[in-house]
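*Asks:* missing the sequence, but the structure's below:
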């Protein structure tokens, strides 16, 4: 069965600090997809990234970067030079072959000015 | 990207009544739609998966007679919470999957249901 663990319940940082959100997953499939979503206070999920299991390249998008390591079943997310607007709940999710998404418990990120 | 809308965004209803939530894919045809529930400070939990023209598949522990799902067209799915109770108060989010990419899901903005 698929499972996603986000061990960090809540993280508080001061603006401009870098912060890494951890995500560890479990799956029996060799084909799967990993996702990160941001959920601001409004509640609407914002898609950040999707990675398939065959692409272990790290990705950088502006201040965001993702580190995918199959050897440790991890897909960590780093925000560089955090800003107050980054405050939100961040979810890591896994989809095995097919559509069904399983979400982690989420990490609340609070960025203080 | 694909746009998914939900209506209403917020609804308050009295205990014992039923409420219907609509989920529409505005610019693409969604063969599959998903309904999630999110209680305060918790994660999203999949309630059911619906395919156009067929019966929904419910996750374990979700009462299919209480949460009626209809996916009558490729652009519309509805979730009806029947005989709502205060414990059904939650944030309901739908997502729509496209034909070409089964792993793609486009999320609606969510509906906050409060049962008094």
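*Replies:* On my side now, so go ahead. Quick caveat: nothing in here was measured; it's all calculated off a predicted structure.

*Asks:* Which neighbours in the sheet does the one helix or strand residue A:68 maps to have, and how are they oriented?
*Replies:* Secondary structure here is read from DSSP states H and E; on that basis residue A:68 sits in strand A:64-69. Here the strand partners of strand A:64-69, with direction, are listed using DSSP bridges: strand A:59-61 (antiparallel), strand A:74-79 (antiparallel).

*Asks:* Going along the chain, name the strands of the chain.
*Replies:* You didn't pick a chain, so chain A it is. Assignment of strands within chain A using DSSP state E yields the ranges A:3-5, A:10-14, A:19-21, A:24-26, A:32-39, A:46-52, A:59-61, A:64-69, A:74-79, A:88-96, A:101-103, A:107-112.

*Asks:* um, chain B though
*Replies:* B:4-7, B:10-13, B:19-25, B:30-38, B:45-51, B:57-58, B:67-73, B:76-81, B:90-98, B:105-107, B:111-115.

*Asks:* tell me the average confidence for the last one?
*Replies:* Read that as strand B:111-115. Taken as a whole, strand B:111-115 carries a mean pLDDT of 98.

*Asks:* So which bits of chain A are right by chain B?
*Replies:* Those residues of chain A that sit near chain B, judged by C-beta under 8 Å from any C-beta of the partner chain, are A:33, A:37, A:42-45, A:47, A:50, A:52, A:91, A:95, A:98-106. C-beta: built from backbone N, CA, C; applies to glycine.

*Asks:* change it to 7 Å
*Replies:* For chain A, the residues in contact with chain B (C-beta under 7 Å from any C-beta of the partner chain) are A:33, A:43-45, A:91, A:95, A:98-101, A:103-106.

*Asks:* my guess is residue B:44 meets residue B:35, correct?
*Replies:* No. The pair residue B:44 / residue B:35 is not scored as a contact, 10.2 Å apart, by C-beta atoms under 7 Å.

*Asks:* Okay, now the unreliable bits of chain A?
*Replies:* Low-confidence regions of chain A, defined here as pLDDT under 70, cover residues A:97-99.

*Asks:* one more time with 80
*Replies:* Under the criterion pLDDT under 80, the flagged ranges of chain A are A:1, A:97-99.

*Asks:* now what about stretch B:49-59, what contacts it?
*Replies:* For stretch B:49-59, the surrounding residues in contact (C-beta atoms under 7 Å, 6 or more residues apart in numbering or on different chains) are A:100, B:31-34, B:46-48, B:64, B:69, B:71, B:73-74, B:77.

*Asks:* which residues does the residue nearest the centre of chain B form a beta bridge with?
*Replies:* The structure's chain B has its C-alpha centroid closest to residue B:35; by C-alpha atoms, centre = their mean the separation is 3.6 Å. Listed beta-bridge partners, residue B:35: residue B:48, residue B:94 (assigned using DSSP bridges).

*Asks:* what's near enough to touch it?
*Replies:* Contact analysis of residue B:35 by C-beta under 7 Å, 6+ apart lists B:47, B:48, B:69, B:79, B:92, B:94.

*Asks:* Local confidence estimate at it?
*Replies:* Looking at residue B:35, its pLDDT is 96.

*Asks:* Could you list the low-pLDDT ranges of chain B?
*Replies:* Under the criterion pLDDT under 80, the flagged ranges of chain B are B:1, B:98-104.

*Asks:* can you do 70?
*Replies:* With pLDDT under 70 as the threshold, chain B has low-confidence stretches at B:1, B:98-103.

*Asks:* Many thanks, have a good one.
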